[in-house]
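Novice: based on what follows, work out the 3D shape:
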Amino acid sequence: MPVRSAITTAVFLGAIGSAATAAEAPLAIRAGCLFALDSDAHSHPEYNFVDIAIAHAKLAGIPQKRIINYWSNERILEWARGGGER
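Specialist: Sure, this is the predicted structure:
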């Protein structure tokens, strides 16, 4: 898990063991972190693993508004520049 301020940190929640897990996510939720879902693909067939990352997010109870994959391009860019709601 990242060590930076929870207000500006997006936690990588992936499909494979190298990412934060659904079991660790509640701590990050309480700390105010945002989440980025990813397939953790290393080859084309593994892109389908994104379904596992989505399942991890659902199991962890991560609200959709805290998952940056659902944000508009404009909102992501604003967040990356340090502006906007976090």
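
Novice: three-state assignment of Val11?
Specialist: Under DSSP: H, G, I helix; E, B strand; the rest coil, Val11 falls in the strand class.

Novice: so it bridges to which residues?
Specialist: Beta bridges link Val11 to Phe35, judged by DSSP bridges.

Novice: ends of stretch 59-70, how far apart?
Specialist: Taking C-alpha to C-alpha, to the nearest Å, stretch 59-70 runs 17 Å from one end to the other.

Novice: now that stretch: buried residues?
Specialist: 60, 62, 66-68 (16 or more other C-beta atoms under 10 Å). C-beta: built from backbone N, CA, C; applies to glycine.

Novice: ok, those residues vs Ala36, which is closest?
Specialist: Of all those, the one sitting nearest Ala36 is Ile68; the distance, using C-beta to C-beta, is 5.2 Å.

Novice: stretch 55-74 - what's its average pLDDT?
Specialist: Average pLDDT, stretch 55-74: 90.

Novice: that stretch spans what distance, first to last residue?
Specialist: Across stretch 55-74, first to last residue, C-alpha to C-alpha, it's 26 Å.

Novice: let's have the buried residues of stretch 59-70 in CSV, adding secondary structure.
Specialist: Shown next, in CSV, are the buried residues of stretch 59-70 (three-state DSSP):
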residue, secondary structure
Ala60, helix
Ile62, coil
Arg66, helix
Ile67, strand
Ile68, helix
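
Novice: just checking, next helix/strand downstream of the worst-scoring helix or strand of the chain on mean pLDDT?
Specialist: Lowest mean confidence among the helices and strands of the chain (mean pLDDT, DSSP states H and E): strand 10-13, at a mean of 72. Remark: after strand 10-13, the chain's next helix or strand is helix 25-30, criterion DSSP states H and E.

Novice: buried residues in that following helix, which are they?
Specialist: Here helix 25-30 shows 25, 28-29 as buried, counting by 16+ other C-beta under 10 Å.

Novice: what helices or strands is the least confident helix or strand of the chain leaning on?
Specialist: Applying 3 or more C-beta pairs under 8 Å, 6 or more residues apart in numbering; DSSP states H and E, we find strand 10-13 packed against helix 25-30, strand 34-37, helix 50-60.
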